[in-house]
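J.: structure for this input, please:
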Amino acid sequence: MSKSVKIAWGIITLLPIAYFIFFISFVASLDQSQPAAEMEEQLKNMFRLHIASMSLMAALIVSYVFYLFKSGAVPKEKRVLWAVILIAGNMFAMPIFWLFYVWRAPVKDVSY
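T.: Just a heads-up that it's a prediction; the model follows:
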């Protein structure tokens with residue numbers, strides 16, 4: 001995997017954490033005194049963003065579990081454990097997995 005693909009995957013991996021922080025700040029800043037139509041529009045937009053974020057999370061989980069079992073970066077005895085950790089702790093576990101097993105994975109030199 002090239003360095004640019006690793007970096008892109010790492011940035012995409014951090015997006016759910018950024019969304020989580022945004023979501024918490026959005027909910028904390030909701031103003032109950034604003035007009036109902038305005039609040040409804042804000043909630044509709046947030047719902048769309050939330051669906052997109054959850055879809056991204058599902059795609060990331062699938063991609064990480066696929067990488068986990070298809071690459072040789074993770075020792076066989078740790079693969080099932082990492083699969084459980086990635087599925088259960090997804091948003092917080094994926095950056096750690098990316099750092100240890102994607103970013104630091106040895107680049108295989110293919111010579112012809």
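J.: mean confidence for the longest helix along the chain?
T.: Among the elements of type helix in the chain, defined by DSSP state H, the one spanning the most residues is helix 36-70. In this model, helix 36-70 has a mean pLDDT of 93.
J.: spatially central residue for this protein, please.
T.: T13 (3.7 Å; C-alpha atoms, centre = their mean).
J.: which SSE is it in?
T.: Assigning secondary structure by DSSP states H and E places T13 in helix 3-28.
J.: apart from its neighbours in sequence, what residue is nearest H50?
T.: In this structure, H50 finds its nearest non-sequential neighbour in F23, 7.1 Å apart by C-beta to C-beta, 6 or more residues apart in numbering. Where you see a C-beta, it was placed from the backbone N, CA and C, and this is true even at glycine.
J.: contact partners for that neighbour?
T.: M46, H50, S53 (C-beta atoms under 8 Å, 6 or more residues apart in numbering).
J.: one step back: the residue nearest to the centre of the chain contacts P95, correct?
T.: Yes: using C-beta atoms under 8 Å, T13 makes contact with P95 at a distance of 5.6 Å.
J.: one step back: list the helices and strands the longest helix of the chain packs on?
T.: On a contact count with 3 or more C-beta pairs under 8 Å, 6 or more residues apart in numbering; DSSP states H and E, helix 36-70 meets helix 3-28, helix 76-88, helix 90-97.
J.: angle of that helix against helix 90-97?
T.: Going by axes from the mean of the first three to the mean of the last three C-alpha atoms, to 10 degrees, helix 36-70 is angled at 40 degrees with respect to helix 90-97.
J.: neighbours of the residue lying closest to I87 once chain neighbours are set aside, how many?
T.: Spatially, and ignoring its direct neighbours in sequence, I87 is nearest to I61 (6.2 Å; C-beta to C-beta, 6+ apart). Counted by other C-beta atoms under 10 Å, the residues lying close to I61 total 17.
J.: any idea how far M91 is from I61?
T.: From I61 across to M91, the span is 10 Å (C-beta to C-beta, to the nearest Å).
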